[in-house]
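Chemist: just coords:
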Ligand SMILES: C=C(O[C@H]1C=CC=C(C(=O)O)[C@@H]1O)C(=O)O
């Protein structure tokens, strides 16, 4: 089946897994609509299709839309600075007590939307600002509207059957004087990223897959930030795993880049202590089986749109070496990815 997956951090009745079936797809590269069902010759139908094509041509030229779906399940809220810092401190204590190795703790920030806020305008600005990120705007009745610029591939399967995933972690600000090729990383970040790497390798091991290529870790750019990333690829033509993409998706999510190690106590810690429901933040999203490929990303650097308020989310990997003040700043930098294009207060 082809479509667009929109999956929460944890599935619940309130935040179900969503899959938007690709009955109709539109490519802005070819400016063409594609119908993934048998077309009816009925003239009314043909006229409707022409109207749709005209509509897409028009919004490509002058994008403007101010109606977006708002979730009634969520009220504007945000994590006070002191609460986040205390949460990080509790995380460090749990790690020191041997209950966990790493936990990714997050927070939410609410900002008022300026009068005249335009969703499409903002989304186009987001695409232009982050040409190498996976930029998305998802609007679903009841579920609401989310916009983001993710740097993290969860699962990719290309047309020629190359599977890809990454281990992404460790964060530094990218300043005008930083040289990414010569970036220096502290022991804390190296260990944090190596735990994500170990997590991916354990997933391969659990299905007895040994034929993978591993490159990295290397320094990569993501907007105003630098991260450490290891790339893993598998040539699916060479291994007996025709459904590797789906299998790995189930095993990987939530990775140690958004949850922690070991997975179960980290999930429990987040659920009990974080103080809010992440909903679709740190879930995954992306096109599945469109033109023979799938590109699923982790829903990071994202914002949920309410009627007059934008809720921006960010988390940080906590290890024994973490410092609450630094983790607060790091989440602020991550939030800046979205806030830079939002033109709020
Ligand atoms: C959890 C987030 O980022 C993850 C991805 C890259 C680096 C991370 C870090 O350094 O903590 C996080 O694991 C986020 O952006 O909210």
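Modeler: Cool, the structure landed. Being a predicted model, the structure only gives us computed values, none of them experimental.
Chemist: From here on, just use CA atoms for contacts and neighbour counts.
Modeler: Fine.
Chemist: How many neighbouring residues does the residue nearest to residue 7 when sequence neighbours are not counted have?
Modeler: Distances taken as C-alpha to C-alpha, 6 or more residues apart in numbering put residue 17 closest to residue 7, at 4.6 Å, once the chain neighbours are dropped. Using other C-alpha atoms under 10 Å, residue 17 has 17 neighbouring residues.
Chemist: And for the one 5 residues further on?
Modeler: The tally of other residues near residue 22 (other C-alpha under 10 Å) stands at 19.
Chemist: can you tell me which residues contact it?
Modeler: By C-alpha atoms under 8 Å, 6 or more residues apart in numbering, residue 22 lies in contact with 2-4, 36.
Chemist: swap in residue 34?
Modeler: So residue 34 contacts 24-26 (C-alpha under 8 Å, 6+ apart).
Chemist: filter the contacts of residue 22 down to the ones close to the ligand.
Modeler: Checking the contacts of residue 22 against the ligand by C-alpha under 6 Å from any ligand atom, not one of them is in range.
Chemist: Same list (the contacts of residue 34) but as JSON lines, adding secondary structure and pLDDT.
Modeler: Shown next, in JSON lines, are these (DSSP: H, G, I helix; E, B strand; the rest coil; pLDDT from 0 to 100):
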{"residue": "24", "secondary structure": "strand", "pLDDT": "84"}
{"residue": "25", "secondary structure": "strand", "pLDDT": "86"}
{"residue": "26", "secondary structure": "strand", "pLDDT": "81"}
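Chemist: which element is the nearest residue to residue 31 once chain neighbours are set aside on?
Modeler: With sequence-adjacent residues excluded and distances taken as C-alpha to C-alpha, 6+ apart, residue 31 is closest to residue 57, at 7.1 Å. Counting by DSSP states H and E, the secondary-structure element that holds residue 57 is helix 43-61.
Chemist: Same question for residue 37.
Modeler: Short version, using DSSP H and E: residue 37 is in no helix or strand.
Chemist: My guess is it contacts residue 23. True?
Modeler: Yes. Using C-alpha atoms under 8 Å, residue 37 makes contact with residue 23 at a distance of 6.7 Å.
Chemist: re earlier: in the helix holding residue 57, what counts as buried?
Modeler: Buried positions in helix 43-61, judged by neighbour count with 16 or more other C-alpha atoms under 10 Å: 53, 56.
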